[in-house]
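Peer 1: Predicted model, plus sequence, below.
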Amino acid sequence: MRLSPSPLLLALLPLLATAAPATDDTDAQAQKITRLAPVQATAGDVTPRDAGVNAWGNAPLQDTPATISTVGRQQIDDRQIRTLSELAREDAALGDNYAPVGYYQNIAIRGYPLDLATGYRINGLAATGEQLVALEDKQQVQVLKGLAGLAAGVMEPGGVVNFISKRPADVRTLTLGTDAQGSRYAALDVGRWLTPTFGVRANLAWDDAHAYVQHADGRRNFYALAADWRIAPQTTLEVDANHQASAQRSASGYMLLGGTQLPANPDPEAMLGYQPWQQPVAIHSTNSSARLQHAFNDDWQLRLAVGRSRSVIDDNVAFAYGCFYAPQCASAAPGNFFAPNGDYDIYDYRSPDDTRVGDHARASLDGRIGDGWLRHELSAGMSVFHRTITRRPYVYDYVGTANIGSAPPVFAPSPNQPGSPVLRFDSWQRSLFAQDRMRLGEQWQLLVGANLVHMDERAWKSSGTLVRNTRLNQLLPQAAVLWQPAAALTAYASYSEGLSLGKEAPFWTSNDGEFLAPRHSRQVEAGLHYRWQDALDLNASLFRIRQPWQFAQPDTSSAGFTFVQHGEEVHSGLELSANGRLTDNLGATASVALIRARAQGTGTPAYEGHQLANVPLLRSSLHLDYRLPMLPQLSLLGGWRHASSNPATASGQVRADAYHVFDAGLRYSGQWNQRDVVLQLGVDNLFNHAYWRDTGSSDGDSYLFPGAPRQVRMSLSVAL
């Protein structure tokens with residue numbers, strides 16, 4: 001890959017040149033490659049930088065009545081994680097939900113797919129989910145599991161993912177990477193405190209990716225800048241901005257054959273529907289934020305935060321979908337699945353300038369009252385979130401039919417062109433929130449809070465026809481009790497309520513395009529946090545989440561289905577995790593999620609009494625890091641991922657098989673030419689096991705994505 005110097009890189013060269021030389025012992029130590037301690041999922045000593053991700057106030061996670069897992073920088077580097085789908089492997093409660101290669105991806109937490117508008121955060125502020133979130137400038141990723149109505153207002157009940165940016169530090173690190181396909185990767189991390197009160201940090205990355213899927217090679221450029229200004233001893237301003245441009249052909253997912261059978265022996269390297277004229281999906285995303293913290297005194301603090309997230313997608317794909325035009329489909333199968341013999345239709349889909357913009361502002365006042373047996377920790381504030389979607393009338397035209405057993409013929413693209421941009425969605429979400437954490441002596445805490453949400457949303461068709469106008473006010477309470485008999489042990493029980501948007505009826509239902517009412521969710525959770533000898537975090541939680549169920553119900557309409565809200569889906573589960581160091585030389589990150597997801601009261605018996613689609617009953621994840629005693633610079637890495645059989649239909653009659661996937665790796669940390677270096681080799685899917693990693697849905701349709709074959713990757717990081 002040829003890397004041409006960018007203006008931003010040229011601007012950073014003076015910063016590199018003026019960084020302190022390595023001759024001074026103190027500065028040399030600061031220049032070493034920064035590595036976090038082993039990842040501490042639900043770690044008790046990690047405090048979020050902003051209250052936006054933590055629904056229970058600005059308290060240490062040991063004092064949080066919820067499960068919050070953390071993927072640290074070292075874990076990201078050791079696994080060489082680049083995508084959201086790869087990040088989801090790190091915690092058993094997470095899973096893919098429509099995560100194609102070459103496209104923005106989505107995941108599910110506790111079986112609930114995240115809302116792309118509010119399910120992802122950068123430094124506590126909402127980020128558009130329709131982007132490839134870069135990890136080069138992130139210090140850690142926090143996953144808050146379960147309802148967080150006090151923090152997010154309108155969101156899916158599974159939880160939120162919060163990406164936390166690196167802060168200024170005296171660091172200069174160059175990372176180079178490649179893989180067995182010949183990809184080329186380079187990243188630069190450089191920062192410095194220019195004065196005792198002002199520091200900057202920049203991260204740049206160039207990626208020329210050779211994907212394991214044929215014809216899906218891609219490229220991306222990423223630029224990020226962070227600055228901290230200690231305006232006064234009691235006032236700090238943090239500013240972040242990043243921009244990424246990527247281009248990669250998107251790989252279509254498989255579909256059930258005839259709606260009743262999994263494709264046999266799917267080829268994970270094949271691009272279904274590939275056409276030579278198919279252009280890459282281009283995504284340009286920009287995220288910026290500023291956060292001001294001011295302490296009036298030791299007891300009271302003001303927090304202000306504002307951010308914008310913008311993503312522009314040029315969507316281009318020769319899309320493999322259904323079999324409406326296949327001969328076998330007319331009499332033997334529904335059109336929104338592949339034909340029983342493996343035939344599928346190919347559509348020329350083009351939707352340029354698909355623009356998603358989210359503006360988020362948040363203000364909170366946090367303080368303490370009392371210092372005796374009864375102490376109050378108060379938090380109150382407001383949040384305003386504005387999201388718009390502007391799209392052109394897209395091209396979605398049938399061009400031909402192919403079969404999954406052979407390379408598709410070449411068809412002529414559609415001569416039609418997309419129309420002019422039209423505002424399709426405009427949403428305002430305003431909320432007022434308040435919480436009181438009452439400390440009753442040294443062992444008990446009682447938390448009560450509420451969020452008053454006002455939602456005003458409108459949605460239009462491309463013709464300008466208004467299809468939804470939603471206005472509502474909803475009070476979302478939450479409460480919790482914590483018992484801490486010892487500093488290392490916390491037991492808690494909590495209750496929360498949340499609100500999520502209603503879904504849109506798929507085109508193949510009788511009420512195509514109709515938006516259903518927002519859904520009111522409720523959750524109860526009980527759990528334990530225990531820190532063993534300050535080295536190992538043990539966590540356990542039991543939860544139950546209830547949400548009205550919206551689904552395509554079979555009926556006697558001409559379409560055969562109508563999209564309705566009837567009954568509810570209930571997710572009940574047990575989560576266990578152990579994270580930290582088992583011995584001085586052995587670190588472990590382990591998690592188990594047992595989730596029973598059921599629909600009830602739906603009026604459709606075939607959809608009840610079994611696990612819901614794309615929610616395996618059991619998931620587990622284990623990663624080990626063993627430092628060789630005789631050669632402490634060398635560490636052996638190993639991993640194991642497991643999922644039980646995964647339903648692929650609403651009736652539960654078709655299931656993807658259970659799978660076990662093993663990973664391995666090596667890490668060497670040492671010095672070369674008096675410079676600190678880290679060399680890493682990783683092998684994902686060591687035994688090249690074939691499996692279905694995702695049976696999720698998008699816009700009401702179900703897709704199947706095979707897991708990646710064996711992947712070998714290597715990276716070298718050097719302290720400059």
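Peer 2: Perfect, thanks for sending it.
Peer 1: can you count the residues close to the residue nearest to A488 when sequence neighbours are not counted?
Peer 2: Spatial nearest neighbour of A488, excluding adjacent residues (CB to CB, 6 or more residues apart in numbering): R531 at 4.4 Å. Where you see a C-beta, it was placed from the backbone N, CA and C, and this is true even at glycine. Here the count is done by other CB atoms under 10 Å, and R531 has 22 residues near it.
Peer 1: what's the strand ranked longest in the chain packed up against?
Peer 2: For the chain, the strand that runs over the most residues, judged by DSSP state E, is strand 343-369. Under the contact definition 3 or more CB pairs under 8 Å, 6 or more residues apart in numbering; DSSP states H and E, strand 343-369 sits against strand 125-126, strand 300-321, strand 374-391, strand 395-403.
Peer 1: ok, 10 Å please
Peer 2: Packing partners of strand 343-369 (3 or more CB pairs under 10 Å, 6 or more residues apart in numbering; DSSP states H and E): strand 120-122, strand 125-126, strand 281-295, strand 300-321, helix 329-332, strand 374-391, strand 395-403, strand 422-440.
Peer 1: quick one: E514 and F563, what's the gap?
Peer 2: In this structure, E514 and F563 are 7 Å apart, going by CB to CB, to the nearest Å.
Peer 1: before we move on, the earlier item: give me the element the residue nearest to A488 is part of.
Peer 2: strand 519-532 (DSSP states H and E).
Peer 1: Show me what that strand is packed up against.
Peer 2: Checking 3+ CB pairs under 10 Å, 6+ apart, strand 519-532 ends up next to strand 67-72, helix 149-152, strand 466-486, strand 489-500, strand 536-554, strand 561-581.
Peer 1: go again using 7 Å as the cut-off
Peer 2: Under the contact definition 3 or more CB pairs under 7 Å, 6 or more residues apart in numbering; DSSP states H and E, strand 519-532 sits against strand 489-500, strand 536-554.
Peer 1: Mind listing what's buried along stretch 665-682?
Peer 2: 665, 667, 669, 676-680, 682 (16 or more other CB atoms under 10 Å).
Peer 1: can you give me phi and psi for the nearest residue to Y659 once chain neighbours are set aside?
Peer 2: Nearest residue to Y659, sequence neighbours excluded (CB to CB, 6+ apart): Y691, at 3.6 Å. With angles defined as degrees, to the nearest 10, Y691 sits at phi -160, psi 160.
Peer 1: can you check L87 too?
Peer 2: The phi/psi pair for L87 (degrees, to the nearest 10) is phi -60, psi -30.
Peer 1: Tell me, how many residues neighbour it?
Peer 2: L87, neighbours per other CB under 10 Å, totals 23.
Peer 1: go on, S558?
Peer 2: Quick note: S558 (other CB under 10 Å) scores 6 neighbours.
Peer 1: If you drop the residues flanking it in sequence, what lies closest to it?
Peer 2: Closest to S558 by CB to CB, 6+ apart is S510, at 6.6 Å.
Peer 1: neighbours of the residue lying closest to D663 once chain neighbours are set aside, just the number please.
Peer 2: The shortest distance from D663 to any non-neighbouring residue, by CB to CB, 6+ apart, is to G639 (3.6 Å). By other CB under 10 Å, the residues close to G639 number 23.
Peer 1: Tabulate the buried residues of stretch 665-682 (a markdown table), appending secondary structure.
Peer 2: Below are those laid out as a markdown table (DSSP: H, G, I helix; E, B strand; the rest coil):
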| residue | secondary structure |
| --- | --- |
| G665 | strand |
| R667 | strand |
| S669 | strand |
| D676 | strand |
| V677 | strand |
| V678 | strand |
| L679 | strand |
| Q680 | strand |
| G682 | strand |
